[in-house]
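**Q** Below is the sequence, then the predicted model.
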Amino acid sequence: MTDEYRELQEIHSTLNEIKKILPSLRPDWSWAWIIVVFWFFFSGWPGSRLDRWTDRVWYSFKNNAKWENTDIQKRPSDCDLLHAPIGSKGCYYKKKNSSFTDSDRSKLLETATTPEDRTRINNIPNSVTVYWEKTAD
């Protein structure tokens, strides 16, 4: 072997050793990406498509309402941190609901005076509407 070849082999082995040590010297930022992904997911959770679906399941079950009689409105985004202009807006949206349930029907039936009113009240389906109320900080 020539001296040049041995020198190249030595440089190559030194570079391989540095390559093995290098990952331990760099900070591991993979946990930061996980935090960023979770932050974006959960900051957008209220009013998201998945949230509206789970709300529809919950409120239709809780109030004994049919799926088509459960209305879940989309949350407005004008108070969001990343909505233009970017930054705090001094407001947020709180989830509220309005429902017509069996107990409401019973109260109406107590006040009904005619058989037609009783029939009309009994034909009103259970329903739920979930809406968003803007609140200042």
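**A** Good, I have the coordinates.
**Q** if you go through this protein in chain order, where are the helices?
**A** In order along the chain, the chain carries the following helices (DSSP state H): 3-25, 30-43, 49-62, 102-111, 115-123.
**Q** And the third one, what's buried?
**A** By neighbour count with 16 or more other Cβ atoms under 10 Å, helix 49-62 contains the buried residues 51-52, 55-56, 59-60. C-beta coordinates here come from the backbone N, C-alpha and C atoms, glycine included.
**Q** residues in contact with it?
**A** If you take Cβ atoms under 8 Å, 6 or more residues apart in numbering as the criterion, helix 49-62 is touched by 45, 65-67, 69-70, 72, 74, 95, 97, 99, 128, 130.
**Q** and the residues you listed, which two are the farthest apart?
**A** Greatest spatial distance in the contacts of helix 49-62: 45 and 66, 25.8 Å, computed using Cβ to Cβ.
**Q** before we move on, back to that, of all the helices of the chain, which lies closest to residue 81?
**A** Distances from residue 81 to each of the helices of the chain were compared using Cβ to Cβ; the minimum, 7.3 Å, belongs to helix 30-43.
**Q** ok, now which ones touch the closest residue in space to residue 47 that isn't next to it in sequence?
**A** Computed as Cβ to Cβ, 6 or more residues apart in numbering, the closest residue to residue 47 that is not its neighbour in sequence is residue 75, at 2.5 Å. Applying Cβ under 8 Å, 6+ apart, one finds that residue 75 lies in contact with 46-47, 93, 95, 132.
**Q** For the chain, name the helix or strand with the lowest mean pLDDT.
**A** The least trusted helix or strand in the chain, going by mean pLDDT, DSSP states H and E, turns out to be helix 30-43, with a mean of 72.
**Q** Which one of the helices of the chain has the poorest average confidence?
**A** When the helices of the chain are compared on average pLDDT, helix 30-43 comes out lowest at a mean of 72.
**Q** sorry, back to before: just name the closest of the buried residues of helix 49-62 to residue 85, please.
**A** Comparing the buried residues of helix 49-62 against residue 85 with Cβ to Cβ places residue 51 closest, at 25.2 Å.
**Q** so how far is residue 57 from that closest one?
**A** According to Cβ to Cβ, to the nearest Å, residue 51 and residue 57 sit 11 Å apart.
**Q** Perfect, I'm done here.
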